[in-house]
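> I'd like to go over a predicted model; first the sequence, then the structure.
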Amino acid sequence: MSDVVSVRKEGAIAVVTIDNPPVNALGHAVRSGTFEAMAGLRDDDTVAAVVLACAGRTFSAGADITEFGKPPQAPGLGELVDQIEAMPKPVVAALHGTTLGGGLELALGCHYRIAAPGTRVGLPEVKLGILPGAGGTQRLPRIIGPVEAVKFIVSGEFVAADKALSLGIIDSLADGDLTEAAIAFAGKVVEEGRPVVRIRDREDKVAPFRDDSSAFDAAAAKATARARGLEAPFACVEAVRGSFELPFEEGIKKEREGFLKLVAGDQSKAQRHLFFAEREAAKVTDMPKGTRPRPVAKVGVIGAGTMGGGISMNFANVGIPVTIVETSQEALDRGFATIRKNYGISVSRGRMSEDEMERRMSFLAGSTDMNDLADADLIIEAVFEEMDVKKTIFRKLDEIAKPGAVLASNTSYLDINEIAAETSRPGSVLGMHFFSPANVMRLLEIVRGAKTDMDVLATAIDIGRKIKKVPVVVGVCFGFVGNRMLKARSLETEQLLLEGATPQQVDQALVAFGFPMGPFQMGDLAGLDIGWRIRKAMGSDSDGGKAEIADALCEMGRFGQKTGRGFYIYEEGSRGGTPDPEVEALIVETAKKHGIERREISDEEIVERLVYPMISEGARILDEGIAQRPGDVDVVWVFGYGFPIGKGGPMHYADRIGLKHIRDRLAYYAERSGNEKLKPAPLLETLAEDGSGFAAHAKAKAA
Ligand code: CAA
C-alpha cells in the first residue's frame, strides 16, 4: 500500500488507516492512497464493511493547506468523498482528536460515524477565507438542517462529541479503544443488515426550506452580522442555501464554484498567510532544539488594576492558581470586584454557569504582601508605567522569588534590559505584554531581553499557548512591535484634522478599511488622559505626532468615554459616540492658529497617511531584528489591534499592493509636508527599488 495509507483486515471488516503526521492532512498522497484502498475493498468479496481511521493524535484535520494555490492533482477530495459514499458496503468513520474541514467532509461521505469521547468536529474553512469545498455545505444541512448548518459553517467553531451526537453528525460514541469499537460497530451494521446511508439522498431536513426559507435567512443574517468586509462567510451562506434550493449535484457544483473563487482571492491568501504566521511567530530561530520550558504551576501577578486583573483571569480560566498582590486591601477588593463583574457578564449572557464562575474565582487569591509570591513559578508585574516603580518591584522580586522563577513585566514600552539589570538574575527576566482587555485580546508580545535565557523564553511561549494567547517573540525597543507601529500611525492623525478632516471621517475611513474602530474612537475608549499624562511627563512628542487637540480636550476634562466626552459625545450608558460641534470648532480654531487652510480630504488619503507610516515603521522593526519575520508583525497587528484579517496584516498587505507604491506615496507626503518622519524606511526603499517584497526578502534571508 502507500506510505501514508494502510489496509488490514479483521475477519470480514477491513480497516483503512491514514497515517500522515502531524494532523493527517489530506494531501495528494493521502487522497490517492485512500482512493486506491477503497477501490480494492469495493471489489473484494471477502470484505463486508470498511472502517476508515487515522493514526496519531487526530482524525484528519482537513485538506493540506499548503497545496492551495498549486495545480490540483487528482483525485480531488470531493471525488474521494463521492467514491466512499458510493461504496456498496458500509463504511464507518472512526473519529478522534479534531476532525475538521475536509476531514469531517470525508467522514460525511462515510455511511456511519463513531467518535472517541473528547473528539471535536468542525468546518473551520471560513477562518481560512474559503468554504468547505468537498460537499460539506450540502451534506451537513442534510443531517442537521440548514439553520444549524449555516451557524456551524459560518462560525467555523468546533463542536464537542456529545453535541455532535445529539445533532446527528455522529452516530455513536466509542467505549474503550476507538478502532475496536468501530470494528464492532461495523460488524453490527453488517449483522443487522442496516442500510448503507448516503447522506446525499436524505431530503427530510432540507425539503421544508424550499417553501419557506425565512428561518434560514434569519439564522444566516445573525451568523454573518459581524462578518463585515469578509467574503467567505457570505459565500458559505449562499452555498448552504444551495442545499435546499438545488438538487444535490447542482448544490455541489455551486459549492465548488464558490470554493474556487475564494481560494484564488486575496482574502483567502491573506487568511492562509495568517494561519501559518500565527504558528511561526512563536518559533525562535536561534532556540536550540529540545529547549524545555520550566514548569508553571503557580503564578503571581503584581497589580490588581485593569491589566493585572485581566491577566490573572487568563490563568484562572485554565485552572492555574494565581496570587494577586496589591499595595492595599482596598485596591485588592476593587480588583477582585472587577474580575467578578467581568465573569458576571459572561454568566448573564449565558456563556458561563454560576458554578463555573465560582470555580474560576477559586483559583484567585489576594495578598498585600509580596512575600506571598515566594513559591510562584511565574511572576508578572502589571503596575503603572513608571520605570522607578518597576525597578523597585524587580529588586524586591529578586530577593523573594524562588530560584528558577520566571520574572515578567507587562510593560508596554519600557526597556526590559534596564529592568532585568536590577536583578541578580537577568536571564530569568522578560516582557510579557498583554493587550487590553487582557482576558479577551489574544495577542501576547513576549519581549526577549539581551540576557533572557532560552528556557525562560520557552516558558513564556508555552504558558502563553496554554492560556490560549497568540505568543509573538519580539525584541527590546520603545513600544516593541505593536505600540511602536501605533505611534507611527499617530504621526498624521491630528494633522489630518487640522488639514480638513473630521474625527468621524478619519474613523470611518479606517473602519471602511476593515479596522473595528478608528484612532479617535480608540482614544476615547482607552482614555485620552493616558497619552496626555505620558506627553506631560516625557515631552510633547513621546507618543506620536502632535496631539494638540487631544491635549486641549484633556485640559477641558474630556478624557473620552469615561467622562462622557472626548473626541465624541457619549450619552449615558452608550459606547457609540456622536460628533460634537464643539470639537469641530476647536479643530477649526487650532488650524487657523497655525495658518492651515482646511480642505476636503479623501478617504484614500486618510488611509494612506495612517497605514503607510506603520508599514514603514514595520520595515525598520524588521531591519533592526526587533521582529523575526514580517509575518510576526502581521500577527501582532491582527491579534492585538484589529488589523483586518482579510488583508493579512500590514506587511502582507504592503506586499500585495506593492512596496514601490507605498514608498512613492510616503516620499510624496514627506516632501509635501516637510515632515522627515514620513520618509520611507531604508529597507522599504531598498525592497521597492529591487521590486521585491517583505515576504520574499525574509525568505531569501532565511535561506
Ligand atoms: N494543512 C497543512 N498543515 C497543517 C494543517 C492543514 N490542514 N493543519 C495543521 N497543519 C500543520 C500546522 O501548520 C503545524 O505545522 P508546524 O508544526 O510546522 O508549525 C502542525 O500541522 C501542527 O498544527 P498546530 O500547531 O496548529 O497544532 P494544534 O494541535 O495546536 O492544532 C489543529 C491542531 C486544531 C488541527 C490546527 O492545526 C488547525 O486548526 N488546523 C487547521 C484545520 C483546518 O482549517 N482545516 C480545514 C482545512 S481546509 C479544507 O479542508 C478545505 C476543504 O474543504 C477541502
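All right, it came through fine.
> C-alpha only now, for contacts and for neighbours.
Fine.
> which residues of the stretch 101-250 of the chain lie near the ligand?
101, 102, 124, 125, 132, 133, 134 (Cα under 6 Å from any ligand atom).
> from the residues you listed, which two are the most distant?
Within those, 124 and 134 form the most distant pair, 13.0 Å apart (Cα to Cα).
> which of those two has more neighbours?
Using other Cα atoms under 10 Å, the more surrounded residue of residue 124 and residue 134 is residue 134, with 28 against 23.
> the residue nearest to the more buried one when sequence neighbours are not counted and residue 132, how far apart?
Nearest non-adjacent residue to residue 134, counting by Cα to Cα, 6 or more residues apart in numbering: residue 78, 4.4 Å away. Separation of residue 78 from residue 132 (Cα to Cα, to the nearest Å): 10 Å.
> more neighbours: those two, which one.
residue 132 (27 against 20).
> the more buried one against residue 139, yeah?
No - taking contacts as Cα atoms under 8 Å, residue 132 lies outside contact range of residue 139: 10.6 Å.
> okay, now residue 68: neighbour count?
15.
> kindly apply the preceding question to residue 516 instead.
17.
> run the chain-centre distance for the lowest-mean-pLDDT helix or strand in the chain.
Using mean pLDDT, DSSP states H and E, helix 528-538 stands out as the lowest-scoring helix or strand of the chain, at a mean of 83. Centre-to-centre, helix 528-538 and its host chain are 31 Å apart (Cα atoms, centre = their mean, to the nearest Å).
> past that helix, which element shows up next along the chain?
helix 548-555 (DSSP states H and E).
> could you report the pLDDT at residue 445?
Residue 445 is assigned a pLDDT of 97 by the prediction.
> chain center to the helix or strand harbouring the residue nearest to residue 134, what's the gap?
Take DSSP H and E as the rule and residue 78 turns out to sit in helix 77-85. Averaging C-alpha positions (Cα atoms, centre = their mean) puts helix 77-85 32 Å from its chain's average.
> what's the answer for stretch 518-529, then?
That offset, for stretch 518-529, works out to 23 Å (Cα atoms, centre = their mean).
> flag every buried residue along that stretch.
Burial within stretch 518-529, assessed by neighbour count using 16 or more other Cα atoms under 10 Å, is assigned to 518, 519, 520, 521, 522, 523, 524, 525, 526, 527, 528, 529.
> need the worst-confidence member of the residues you listed.
The lowest pLDDT within the buried residues of stretch 518-529 belongs to residue 526, with 86.
> list the contacts of that one.
Counting by Cα atoms under 8 Å, 6 or more residues apart in numbering, residue 526 makes contact with residue 560.
> can you give me the strands for the stretch 351-500 of the chain?
Along the stretch 351-500 of the chain, counting by DSSP state E, counting those that start in this stretch, strands occupy 364-367, 378-381, 406-409, 429-434, 443-448, 470-475.
> okay, these in a markdown table with distance to residue 46 and mean neighbour count next?
Output for the strands of the stretch 351-500 of the chain, formatted as a markdown table (distance: least, Cα to Cα, whole Å; neighbours: other Cα atoms under 10 Å):
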| stretch | distance to residue 46 | mean neighbour count |
| --- | --- | --- |
| strand 364-367 | 61 | 18 |
| strand 378-381 | 60 | 26 |
| strand 406-409 | 61 | 27 |
| strand 429-434 | 60 | 29 |
| strand 443-448 | 55 | 27 |
| strand 470-475 | 51 | 26 |
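> quick one: the helices in the stretch 601-703 of the chain?
603-623, 630-641, 650-657, 659-673, 682-690, 694-702 (DSSP state H, counting those that start in this stretch).
> please name every helix or strand in contact with the least confident helix or strand of the chain.
helix 548-555 (3 or more Cα pairs under 8 Å, 6 or more residues apart in numbering; DSSP states H and E).
> show the average pLDDT along the helix it packs on.
Helix 548-555 comes out at a mean pLDDT of 95.
> go on, stretch 452-460?
98.
> kindly report the residues of this structure close to the ligand.
Residues of the chain lying near the ligand (Cα under 6 Å from any ligand atom): 22-23, 25, 61-66, 98, 100-102, 124-125, 132-134, 276, 279.
> tell me the spacing between residue 562 and the ligand.
Separation of residue 562 from the ligand (Cα to the nearest ligand atom, to the nearest Å): 39 Å.
> same deal with residue 364?
Distance from residue 364 to the ligand, by Cα to the nearest ligand atom: 27 Å.
> hang on, that residue packs against residue 316?
Yes - Residue 364 lies in contact with residue 316 (Cα under 8 Å); the separation is 6.7 Å.
> what is in contact with the two at once?
With Cα under 8 Å, 6+ apart as the test, residue 364 and residue 316 both reach residue 322.
> in this structure, where is pLDDT below threshold?
1, 539-545 (pLDDT under 70).
> now the helices for the stretch 201-350 of the chain?
Counting by DSSP H, counting those that start in this stretch, the helices of the stretch 201-350 of the chain are 208-211, 214-223, 232-245, 248-263, 266-280, 306-317, 329-348.
> just say which of the ones you listed is most tucked in.
Of these, the one with the most neighbours on average (mean count of other Cα atoms under 10 Å) is helix 232-245, at a mean of 25.
> contact partners of that one?
By Cα under 8 Å, 6+ apart, helix 232-245 touches 126, 129-132, 137-139, 141-142, 146, 149-150, 153-154, 206-207, 209-210, 220, 224, 227, 250-251, 254-255, 258, 262.
> change it to 7 Å
Contact partners of helix 232-245, identified using Cα atoms under 7 Å, 6 or more residues apart in numbering, comprise 126, 129-131, 137-138, 141, 146, 150, 153-154, 206-207, 209-210, 220, 224, 227, 251, 254-255, 258, 262.
> what's the neighbour count on the nearest residue to residue 335 once chain neighbours are set aside?
Nearest-residue entry for residue 335: residue 304, 4.8 Å, with adjacent residues in sequence omitted and distances by Cα to Cα, 6+ apart. By other Cα under 10 Å, 26 other residues sit near residue 304.
> contacts only, for residue 304.
324, 325, 326, 331, 332, 335.
> going by distance to the ligand, which of these wins?
Lowest distance from the ligand to the contacts of residue 304 (Cα to the nearest ligand atom) belongs to residue 324, with 29.4 Å.
> which residues does that closest one bridge with?
Counting by DSSP bridges, residue 324 is bridged to residue 301, residue 366.
> show me what contacts it?
Residue 324 neighbours (Cα under 7 Å, 6+ apart): 300, 301, 302, 303, 304, 365, 366, 367.
> try 6 Å
300, 301, 302, 366 (Cα atoms under 6 Å, 6 or more residues apart in numbering).
> got a list of what the residue nearest to residue 460 when sequence neighbours are not counted touches?
Spatial nearest neighbour of residue 460, chain neighbours left out: residue 446 (7.0 Å); criterion: Cα to Cα, 6+ apart. Counting by Cα under 6 Å, 6+ apart, residue 446 touches 431, 432, 472, 473, 474.
> which elements pack onto the helix or strand following the helix holding residue 78?
Downstream of helix 77-85, the next assigned helix or strand under DSSP H and E is strand 91-95. If you count contacts as 3 or more Cα pairs under 6 Å, 6 or more residues apart in numbering; DSSP states H and E, strand 91-95 packs onto strand 49-54, strand 112-115.
> adding distance to residue 652 and mean neighbour count, write these out as CSV.
Output for the helices and strands packed on strand 91-95, formatted as CSV (distance: least, Cα to Cα, whole Å; neighbours: other Cα under 10 Å):
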stretch, distance to residue 652, mean neighbour count
strand 49-54, 35, 26
strand 112-115, 39, 26
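> I'm done for today, thanks for sticking with me.
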